[in-house]
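>>> The amino acid sequence is not available; the structure is as follows:
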Ligand SMILES: Nc1ncnc2c1ncn2[C@@H]1O[C@H](COP(=O)(O)OP(=O)(O)OP(=O)(O)O)[C@@H](O)[C@H]1O
Ligand SMILES: CC(=O)N[C@H]1[C@@H]2OC[C@@H](O2)[C@@H](O)[C@@H]1O[C@H](C)C(=O)O
């Protein structure tokens, strides 16, 4: 018997709202329709500002409402464009927009905004949201959750495989009996920041600017000494750590080491940032006997990044999830459609081996 779920994901790169309409049967999962809708520019600016400067409770409350309305608008547009029968939709799995993720603090929390009450009220569709906090209440990191979906989707592949999602952040899934996974660190976030600052683009198209530069090995070594990279799993990260300020500090430190006069060409910084993402992922893959690395997320569209991953991971086949028949662009949105299905069926999600939670649990809250 078929069930139909919609997954909605907007991630740390703030590049858009990914929506996936999925059909789930006993033995199969199929992406039927998908689309990405632009992020409201003003809301994007408010989120970026909230990540860097103090905000008031009023501003957070208003952002929660506005994001809820924005998601509802995108959903209504999607449902109309794809001619979906609302009555068929069992639920919407909504990740929301992460404003702050603090898994290691004295009082751990993870904040995703986008009021699900508004979405269910406006769409008249059941919404599952607030996925991360139960895992944290059980002592887990609350992220990444994609490994559970990767295990579900790729379990048929018998090779020793790993999946890496390269979005704003990068997160690795190591499939097998004892599923593990964690955020390896920055994905595209620092490259996006640098290219938007110095090459007036939202992202480095196909990695061309990075390719035109020469990576600085000393700067790369210094950046890789960031304690997060050597931290033991379970671990998760975000813009709280990997952000423009982090990069500026690294460049400042490097410049001081060189007597304060050194100037690295902007394109060489971009080349070094690409190598930082490549190395931080490859170093983790090499710790395991992996023979197939499946890549998803927007990083798949960075041809130079994919090439460099292949160069560095000799003996490992590096492919996009598209080549395995699974959308690299909508992987995370599909994951939240599946997580909504698991919640509706009150299934415990096997994630404690990933996040360090004391047990697997039923994740998410239902709004209807
Ligand atoms: N054509 C392209 N060339 C190079 N990079 C690209 C291209 N298209 C997208 N990207 C990169 O992919 C990023 C978006 O990826 P994605 O949508 O997976 O991120 P996200 O889901 O927001 O992040 P996260 O998974 O950390 O939450 C863009 O910010 C950009 O850096
Ligand atoms: C708190 C949060 O939103 N974390 C995101 C972020 O983006 C990628 C990586 O860091 C991952 O840990 C997570 O999202 C994906 C969907 C996950 O939970 O697997």
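That came in fine, so what should we check first? No experiment lies behind these values; they were computed from the predicted model shown. Ligands and ions are numbered 1, 2, ... in the order given.
>>> now the strands: where do they sit in the stretch 251-368 of the chain?
Ranges of strands in the stretch 251-368 of the chain, per DSSP state E, counting those that start in this stretch, are 292-296, 317-320, 365-367.
>>> Please identify the most buried of the ones you listed.
Sort the strands of the stretch 251-368 of the chain by mean neighbour count, taking mean count of other Cβ atoms under 10 Å, and strand 292-296 sits at the top with a mean of 24. Where C-beta positions appear, they are placed from N, C-alpha and C, glycine not excepted.
>>> can you list contacts of that strand?
With contacts defined as Cβ atoms under 8 Å, 6 or more residues apart in numbering, strand 292-296 is touched by 154, 157, 159-166, 285, 306, 309, 313, 316-321, 324, 326-329, 331.
>>> same deal with stretch 119-131?
By Cβ under 8 Å, 6+ apart, stretch 119-131 touches 6, 68-69, 71-72, 75-76, 79, 86, 89-96, 112, 114, 116, 145, 336, 339-340, 343-344, 363-368.
>>> Give me the buried positions along that stretch.
Buried residues in stretch 119-131, counted by 16 or more other Cβ atoms under 10 Å: 119-120, 123, 125-131.
>>> out of those residues, who's nearest ligand 1?
Nearest to ligand 1, judged by Cβ to the nearest ligand atom, of these is residue 131 at 13.5 Å.
>>> quick one, what contacts residue 110?
So residue 110 contacts 98, 100-103, 132-133, 136, 142-143 (Cβ under 8 Å, 6+ apart).
>>> So which of the residues you listed reach ligand 2?
98, 101, 143 (Cβ under 6 Å from any ligand atom).
>>> from those residues, which ones fall inside strands?
In strands, defined here by DSSP state E, the members of the ones next to ligand 2 among the contacts of residue 110 are 98, 101.
>>> circling back: mind listing which of the buried residues of stretch 119-131 are in strands?
127-129.
>>> got the phi/psi numbers for the nearest residue to residue 301 once chain neighbours are set aside?
Nearest residue to residue 301 in three dimensions, chain neighbours excluded: residue 206, at 7.2 Å (Cβ to Cβ, 6 or more residues apart in numbering). Note on residue 206: backbone dihedrals following degrees, to the nearest 10 are phi 60, psi 10.
>>> ok so, going back, so which of the strands of the stretch 251-368 of the chain gets nearest ligand 2?
For ligand 2, the closest of the strands of the stretch 251-368 of the chain is strand 292-296, at 10.4 Å, according to Cβ to the nearest ligand atom.
>>> Show me the strands in the stretch 101-250 of the chain, by range?
Secondary structure of the stretch 101-250 of the chain by DSSP E, counting those that start in this stretch: the strands cover 109-113, 127-129, 161-166, 169-174, 180-186.
>>> What is the longest helix along the chain packed up against?
Looking across the chain with DSSP state H, the single longest helix is helix 57-81. Helix 57-81 is packed against strand 3-9, strand 17-24, strand 29-37, helix 41-52, strand 89-94, strand 97-102, strand 109-113, helix 116-123, with contacts defined by 3 or more Cβ pairs under 8 Å, 6 or more residues apart in numbering; DSSP states H and E.
>>> Could you see whether ligand 1 lies near the third one?
No: Strand 29-37 stays out of contact with ligand 1 when judged by Cβ under 6 Å from any ligand atom, the minimum separation being 8.0 Å.
>>> what sits up against the helix or strand of the chain with the lowest mean pLDDT?
Here the helix or strand of the chain ranked lowest by mean pLDDT, DSSP states H and E is helix 41-52, holding a mean of 92. Under the criterion Cβ under 8 Å, 6+ apart, residues 14, 55, 59-60, 63, 66-67, 70, 97, 99-100, 239-240, 243-245 lie in contact with helix 41-52.
>>> Who wins on neighbours among the residues you listed?
Among these, the one with the most neighbours (other Cβ atoms under 10 Å) is residue 67, at 27 neighbours.
>>> ok, the residue nearest to residue 196 when sequence neighbours are not counted - contacts?
Among residues not flanking residue 196 along the chain, residue 202 sits closest, at 6.2 Å (Cβ to Cβ, 6+ apart). Residues in contact with residue 202 (Cβ under 8 Å, 6+ apart) are 15, 192, 195-196.
>>> again, 10 Å this time
By Cβ atoms under 10 Å, 6 or more residues apart in numbering, the contact set of residue 202 is 13-15, 192, 195-196.
>>> and if you look at residue 222?
By Cβ under 10 Å, 6+ apart, residue 222 lies in contact with 216, 250-251, 253-254, 257, 272.
>>> Then residue 203?
Per Cβ under 10 Å, 6+ apart, neighbours of residue 203: 13, 15, 188, 191-192, 195-196, 209, 298-299, 301-302.
>>> and the least confident of these?
Within the contacts of residue 203, residue 15 has the lowest pLDDT, namely 90.
>>> Enumerate every residue touching the residue nearest to that residue when sequence neighbours are not counted.
For residue 15, ignoring the flanking residues on the chain, the nearest one in space by Cβ to Cβ, 6+ apart is residue 298 at 6.7 Å. Applying Cβ under 10 Å, 6+ apart to residue 298 gives the contacts 11, 13, 15-16, 18, 165-168, 187-188, 192, 203, 305, 328-329.
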